[in-house]
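S.K.: predicted model and sequence below, questions to follow.
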Amino acid sequence: MYLKTRRLFDIIIAFSVLLVLLIPMFIVACLSKFFIGNALFKQARVGKDERIFVIYKFATMKDLRDETGNVLPDEERMSRFGVFLRKSSLDELPQFFNILKGDMSLVGPRPLLVSYLDLYTTEQKKRHIILPGLTGWAQVNGRNAISWEEKFRLDIYYVENISFWMDVRIICKTIQRVLFREGVSKQGYATTSVFEKMTKN
């Protein structure tokens, strides 16, 4: 029953946030364009029932390539302004448009790369039973600082125990995480490590 009603909650919250933050978001977009070269970052991600959609973020990395045309490592492309956007989580704000479109929910497993689809075990694929989220149980319990295995374990726990009060708890803890800028990146990485596994069931 809760899964059927929370879509309305998502729409109300996303619309309200966009209404309040529209001008600040426009300013961030202009600054991203000036400092980085692009205002928005768009990428294909996997959503509910493994449906592919395009996620929106403010750009945090420059499009820098080597002499052969290959993209340089994240650490070399990340700008100072991009670091600020990531640490403050401002880069995630355009995803409220994804929520309005129905691609995402406020809370759920974070949507990951399409290239990871064939690497999941049967158990890990349970994370696609529900809509991916702007924040989630894994994000408030370590975010990028924890291992992939731990992230998936937390995602599946959320899918199997989803409730209104759990979502309220996650949203409150997300505000705390954003304010204290916890778990933004994995140690030794500009963002997080690449998921490379895994033995399929």
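M.R.: All right, it came through fine. Numbers count the residues shown, from 1 in each chain.
S.K.: the protein: helices as residue ranges?
M.R.: 2-35, 74-77, 80-88, 95-101, 148-161, 164-180 (DSSP state H).
S.K.: for Thr60, find the nearest of these.
M.R.: helix 80-88 (3.1 Å; CB to CB). Just so you know, the C-beta spots here come from the backbone N, C-alpha and C atoms, and that holds for glycine as well.
S.K.: buried set for the closest one?
M.R.: By neighbour count on 16 or more other CB atoms under 10 Å, the buried set for helix 80-88 is Phe81, Gly82, Leu85, Arg86.
S.K.: next, the angle helix 2-35 makes with that helix.
M.R.: Interaxial angle of helix 80-88 relative to helix 2-35 (axes from the mean of the first three to the mean of the last three CA atoms, to 10 degrees): 160 degrees.
S.K.: helix 80-88 - contacts with which helices or strands?
M.R.: helix 2-35 (3 or more CB pairs under 8 Å, 6 or more residues apart in numbering; DSSP states H and E).
S.K.: what helices or strands is the helix it packs on leaning on?
M.R.: strand 52-58, helix 80-88, helix 95-101, strand 105-107, helix 164-180.
S.K.: what do you get if the cut-off is 7 Å, keeping everything else the same?
M.R.: strand 52-58, helix 95-101, strand 105-107 (3 or more CB pairs under 7 Å, 6 or more residues apart in numbering; DSSP states H and E).
S.K.: re earlier: between the buried residues of helix 80-88, which sits nearest Pro94?
M.R.: Distances from Pro94 to these, taken by CB to CB, are shortest for Leu85, at 11.1 Å.
S.K.: is it true that the closest one touches Lys57?
M.R.: No. Counting by CB atoms under 7 Å, Leu85 sits too far from Lys57 to count as a contact (8.7 Å).
S.K.: shared neighbours of the two, anything?
M.R.: Common neighbours of Leu85 and Lys57, using CB atoms under 7 Å, 6 or more residues apart in numbering, are Asp91.
S.K.: give me the most central residue, this protein.
M.R.: Closest residue to the average C-alpha location of the chain: Arg110 at 5.1 Å, with CA atoms, centre = their mean.
S.K.: low-confidence bits of the protein, can you list those?
M.R.: For the chain, the stretches with pLDDT under 70 are 181-193, 196-201.
S.K.: residue contacts, Val28?
M.R.: Phe58, Leu90.
S.K.: same check on Asp103?
M.R.: Asp103 touches Gly47, Phe53, counting by CB under 7 Å, 6+ apart.
S.K.: can you check the one 4 residues further on too?
M.R.: For Val107, the set of contacting residues under the criterion of CB under 7 Å, 6+ apart consists of Gly133, Thr135, Gly136, Asp167, Ile170, Ile171.
S.K.: quick one: it and Ile12, what's the gap?
M.R.: Distance of Val107 to Ile12, given as CB to CB, to the nearest Å: 14 Å.
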